[in-house]
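In: Let me see the structure of the following:
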Amino acid sequence: MSDGVLLTEVRERVGTITINRPEKGNSLTVEVLRGLMGTLAEWAKGEACRVVVMRGAGEKAFCGGFEVGAIPTDAGHENAAVFMTENPVEGALAALKDYPYPTIAMLNGYAVGSGFNLAMCCDLRLAADHVRMGIPPAKLGLVYPPDGLRQVVEAIGMARAREVFFTGRIYGPAEVREMGLVHHMMPAADLEKAVYELAREIADNAPLSLKGIKRILAMIASASAFNASDREEAQRLVAESFMSQDAREGQAAFLQKRKPEFKGK
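Out: The predicted structure follows:
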């Protein structure tokens, strides 16, 4: 099935979701995110899809993140707060992470920004040896939402997550491998075959085992969940960053391809 920007297919209990915007680096839009949420919700109702493979169209990008120019840095306080507490990026990431069966990110190119987070929400990550990964909110003057931070911490650990977010670096293949950001790396020509062999191997296992193990692992990870006060403070910090002068400067600098001049305001 295809709706243009998102391609979906289920074959032999393996579902594939392809972000189909190669001319835009497979960047995320509201349309893509809503399609992702809808597809995962539909598949989760039944038992036909026991593994999900996330990928990007073409050979250059898995996902380039949410379009920077669409970030609402000039919105009023109310709009910024709504965007951060009910926005489709968080909804799509949660839908992928909470899918009842295992998920695999096929990193056929760079994964940056929300695309990095999208990969981290998958249970397993296999990458081509030209992969580049990173998440740069600090270079855009933004505070990353708490759920996104937690998803990355769960995937790569607190120590690695601190470096990734504090530096905002885009890591090359050698660093991606050394930091353990992916489970396996291989030549691009071998990636698709390896991903689907792994997906079919997993899909052949007992469905109750797959769902039960994934659910218990999620319960273990949720032991560090925020309390209400923590979440309220975190959401305030995120909303304030979206309304800051630094966020507007970071957005402008990115679009103008220059180094930002942050003022801490």
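In: For the stretch 101-250 of the chain, which segments are assigned as helices?
Out: In the stretch 101-250 of the chain, the helices defined using DSSP state H, counting those that start in this stretch lie at 114-120, 146-156, 158-167, 173-179, 188-203, 207-221, 228-242, 245-256.
In: Most tightly packed of the ones you listed?
Out: Most buried of the helices of the stretch 101-250 of the chain, by mean neighbour count (mean count of other C-beta atoms under 10 Å): helix 114-120, with a mean of 27. For the C-beta atoms, the positions are set from N, CA and C on the backbone; glycine is no exception.
In: Take stretch 62-69, keep the C-alpha atoms, and write them as CSV.
Out: Provided in CSV are the C-alpha atoms of stretch 62-69 (Å, rounded to 0.1, in the frame of the first residue of the first chain):
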residue,chain,number,x,y,z
PHE,A,62,17.2,6.6,6.6
CYS,A,63,15.6,9.8,7.9
GLY,A,64,16.9,13.4,8.0
GLY,A,65,14.6,14.4,10.9
PHE,A,66,11.8,16.9,11.1
GLU,A,67,12.1,19.7,8.6
VAL,A,68,13.9,22.5,10.5
GLY,A,69,12.1,25.3,8.8
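In: Need the mean per-residue confidence for it.
Out: In this model, stretch 62-69 has a mean pLDDT of 84.
In: list the buried ones in it?
Out: 62-68 (16 or more other C-beta atoms under 10 Å).
In: What is the burial count for the nearest residue to C121 once chain neighbours are set aside?
Out: Nearest non-adjacent residue to C121, counting by C-beta to C-beta, 6 or more residues apart in numbering: K97, 4.1 Å away. Per other C-beta atoms under 10 Å, the neighbour tally for K97 reads 21.
In: what's near enough to touch K97?
Out: 103, 121, 151 (C-beta atoms under 8 Å, 6 or more residues apart in numbering).
In: With L7 as the reference, name the closest of the helices of the stretch 101-250 of the chain.
Out: helix 188-203 (14.4 Å; C-beta to C-beta).
In: Please write out the alpha-carbon positions of that closest one in CSV.
Out: What follows is helix 188-203 as a C-alpha-only set of coordinates in CSV (Å, rounded to 0.1, in the frame of the first residue of the first chain):
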residue,chain,number,x,y,z
ALA,A,188,25.5,-1.3,1.8
ALA,A,189,25.0,-4.1,-0.8
ASP,A,190,24.5,-6.6,2.0
LEU,A,191,22.2,-4.6,4.2
GLU,A,192,18.8,-5.4,2.8
LYS,A,193,19.4,-9.1,2.7
ALA,A,194,20.7,-9.1,6.3
VAL,A,195,17.8,-7.1,7.6
TYR,A,196,15.1,-9.3,6.1
GLU,A,197,16.9,-12.5,7.1
LEU,A,198,16.9,-11.3,10.7
ALA,A,199,13.3,-10.1,10.5
ARG,A,200,12.1,-13.5,9.2
GLU,A,201,14.2,-15.3,11.9
ILE,A,202,12.4,-13.3,14.6
ALA,A,203,9.0,-13.6,13.0
